[in-house]
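Chemist: need a structure here:
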Amino acid sequence: MLLCGCKSTDRGLPQFADSNRVLQNTETFDRKHDSASTEIGLVDFKQDVANLVGSGETTSNSAVSTAVFNQSADAQQLTLDLVLNRVTECYPEIEIAIGELESANGKTLAAWGEFDSVLSAHSISQPLGFYQTYRNGIGVSQPLAGGGEVYGGYRIGDGNFEPWYGERETNEGGELKAGFSVPILKDRAIDQRRASVRTAELTQDQLSANVESRLLQFERFATQAYWDWIAAGRYVEVQQQLIRLAQTRVSQIETRIEKGDLARIAKIDNDRFIAKRNNGLIKAQREFQKAAIKLSLFFRDSHCQPVVPGRELLPGGFPESARLDADRVAADLSIALATRPELKELQALRSATCVDASYANNLLLPKLDVKGFAGQDLGGATSSKGDKTPFELQLGVYAEVPIQRREAVGKIQVAQGKLAQVDAKFRFVSDKIRAGIQDAASAVNAAYDQIIQSRETVRLNEESLRLGELAFKEGDIDLLALNIYETSVANARLELLEANHKYFSSLATYASISRSLAFESINP
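Modeler: The predicted structure is shown next:
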């Protein structure tokens, strides 16, 4: 009845730190990163994403710029590398996960305790009464990895023993004894002790994969928060540029009004545009503050305290981008289906269920154990018959079987149901990974196409604005028309900003799902 596919076998409350001071103490940032990854077998997410990038221009299909992770050599610019290092070292959820893994390690060690050698001893005296006896003994037993156990010991029994307890008496030098018990059918291939150890080990594997999965998720969140922060910072710059354009026209408009080239309402219109754009700047600054506070959950100082990064830490801009070709997506899909931690977790769960099934099949077998011992008394005889002196050897067979065997049958049914559930879940998770990679790749390429189109839109609108400014100076168009040109340029730049934001957020999702390790490693 073996199942198909189974073999028999006290930190305080967070305080916001100064962001510049943090970047001046980066030498302490890598103190735990390597050891944490080695101890629990965690993945390095930034390398997974970095493996998607390489050298090349925007139009190249071969790679995305390595500047995704090394945007500037300037220490005063916050890089994604730094954020991800702090996630691995300091993010509280990671500490929780590591604690869970340590707990699982302890449970595995506890399961191995079933195979500990056991030392036992006794000393029993009966100094009063008709029968005065004194018994002492010491022994050790050792469970065997293949089932059964061996034992050995020494005892001495002295005094006037009851006739019916004659076996308690030994010769004057005591008795040495050794024995064994070996299962032949039931508990031969697997028993409760071995099943408990194997289940604990597989539970540890499940938790390790779960920790890896959570780390990937946290670092994906951190990456997307980083790109949100950059996009919000660039949005503030666009709003500031709009205000500067209106402010630089103030003296020009006033001069033209004095000359009579413009009506006084033009100055009012320009002031109105400045007020409106200031309002837009306030909104943009609020969005930037919101993004910076969100990023502080992941970006921390050397004391693991949250840091709210200011605009002075913004990199120069978004890195270059490139399309993901079909061959790369296909290769990444194969890698993901072989390395995704969710699938590893389900594989470990299936193996643990197979252990349960094997043990349940073991319970169907009749118990048939071979037992034996050998003993030898030492010293002078204490019995006139001399019955303690000869060497003793005893062998025997012990058999037992439950007639209905309902425990075994019931546990087999439980294991069969669990296996069906795990297999169905494995197929569904595989399908989700496949769909996730395809969707993320589609999002990356769509965002790339939007970047190309948005750049052209920006170029055309900037050319229109240049011509519009000349026309305004010559009096061919009014201020309202010029405002339309300026607003169009700002909107085009915001569209380009949004396209870049979508591209790198989608790339982070793609890297997290695909677990692509096929590309060359890029050192930060």
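Chemist: which stretches of the stretch 51-200 of the chain aren't confidently modelled?
Modeler: Across the stretch 51-200 of the chain, the ranges flagged by pLDDT under 70 are 51-75.
Chemist: swap the cut-off to 80 and go again
Modeler: Counting by pLDDT under 80, the stretch 51-200 of the chain has low-confidence residues at 51-76.
Chemist: Tell me which stretches of it form strands.
Modeler: Shown for the stretch 51-200 of the chain, the strands assigned by DSSP state E, counting those that start in this stretch span residues 118-126, 133-143, 149-159, 175-183.
Chemist: for the longest helix along the chain, the distance to its chain's centre please.
Modeler: Secondary structure of the chain read by DSSP state H shows that its longest helix is helix 406-473. Mean-position distance between helix 406-473 and its chain equals 20 Å (CA atoms, centre = their mean, to the nearest Å).
Chemist: Check stretch 338-345 too.
Modeler: On the basis of CA atoms, centre = their mean, stretch 338-345 is displaced by 11 Å from the centre of the chain it belongs to.
Chemist: Please export the C-alpha coordinates of it as PDB.
Modeler: Backbone C-alpha positions of stretch 338-345 (Å, rounded to 0.1, in the frame of the first residue of the first chain) are rendered in PDB as follows:
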ATOM      1  CA  ALA A 338      13.700  25.200 -10.400                       C
ATOM      2  CA  THR A 339      14.700  27.700  -7.700                       C
ATOM      3  CA  ARG A 340      11.600  29.500  -6.400                       C
ATOM      4  CA  PRO A 341      11.400  29.100  -2.600                       C
ATOM      5  CA  GLU A 342       7.700  28.500  -2.600                       C
ATOM      6  CA  LEU A 343       8.200  25.400  -4.700                       C
ATOM      7  CA  LYS A 344      11.100  24.300  -2.400                       C
ATOM      8  CA  GLU A 345       8.800  24.700   0.500                       C
END
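Chemist: That one: which residues count as buried?
Modeler: Thr339, Arg340, Pro341, Glu342, Leu343, Lys344, Glu345 (16 or more other CB atoms under 10 Å). Backbone N, C-alpha and C define where each C-beta goes, glycine included.
Chemist: now the residues you listed in JSON lines, with distance to Asp369, secondary structure and pLDDT?
Modeler: Conversion of the buried residues of stretch 338-345 to JSON lines gives the following (distance: CB to CB, whole Å; DSSP: H, G, I helix; E, B strand; the rest coil; pLDDT from 0 to 100):
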{"residue": "Thr339", "distance to Asp369": "45", "secondary structure": "helix", "pLDDT": "88"}
{"residue": "Arg340", "distance to Asp369": "45", "secondary structure": "coil", "pLDDT": "91"}
{"residue": "Pro341", "distance to Asp369": "43", "secondary structure": "helix", "pLDDT": "92"}
{"residue": "Glu342", "distance to Asp369": "43", "secondary structure": "helix", "pLDDT": "93"}
{"residue": "Leu343", "distance to Asp369": "41", "secondary structure": "helix", "pLDDT": "94"}
{"residue": "Lys344", "distance to Asp369": "38", "secondary structure": "helix", "pLDDT": "94"}
{"residue": "Glu345", "distance to Asp369": "38", "secondary structure": "helix", "pLDDT": "94"}
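Chemist: and of the residues you listed, the nearest to Arg515?
Modeler: Out of those, the one with the shortest distance to Arg515 is Thr339. That distance is 4.7 Å, counting by CB to CB.
Chemist: Determine which residue lies closest to the centroid of this structure.
Modeler: Against the mean C-alpha coordinate of the chain, by CA atoms, centre = their mean, the closest residue is Glu212 at 2.2 Å.
Chemist: Need the per-residue pLDDT for Val238.
Modeler: pLDDT recorded at Val238 is 89.
Chemist: distance between the strand or helix carrying it and the chain's centre?
Modeler: Using DSSP states H and E, the secondary-structure element containing Val238 is helix 192-248. Put simply, helix 192-248 sits 11 Å off its chain's centre (CA atoms, centre = their mean).
Chemist: quick one, what contacts Arg311?
Modeler: For Arg311, the set of contacting residues under the criterion of CB atoms under 8 Å, 6 or more residues apart in numbering consists of Gly233, Val236, Phe288.
Chemist: And for the first one, the neighbour number?
Modeler: So the one you mean is Gly233. Other residues near Gly233 number 24, with proximity taken as other CB atoms under 10 Å.
Chemist: The one 4 residues further on now?
Modeler: Here the number of neighbours of Glu237 (other CB under 10 Å) works out to 16.
Chemist: And it, how far from Arg264?
Modeler: Glu237 sits at a distance of 32 Å from Arg264 (criterion: CB to CB, to the nearest Å).
Chemist: got it, and Ala499?
Modeler: When distances are taken as CB to CB, Ala499 and Arg264 turn out to be 41 Å apart.
Chemist: For Gln192, which non-adjacent residue is closest in space?
Modeler: Nearest-residue entry for Gln192: Tyr359, 7.3 Å, with adjacent residues in sequence omitted and distances by CB to CB, 6 or more residues apart in numbering.
Chemist: quick check: domain ranges of the chain?
Modeler: Domains of the chain are assigned by automatic domain parsing as 19-51+68-110+197-351+418-514, 117-195+366-404.
Chemist: how about TSV for these, with distance to Lys411 added?
Modeler: What follows is the domains of the chain, written out as TSV (distance: least, CB to CB, whole Å):
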stretch	distance to Lys411
domain 19-51+68-110+197-351+418-514	11
domain 117-195+366-404	11
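Chemist: ok, the closest residue to Ser117 other than its chain neighbours - contacts?
Modeler: When the adjacent residues along the chain are set aside, Ser117 lies closest to Gln142, with 4.9 Å between them (CB to CB, 6+ apart). Applying CB under 8 Å, 6+ apart, we find Gln142 in contact with Ser117, Val118, Glu149, Val150, Tyr151.
Chemist: With that, I have no additional questions.
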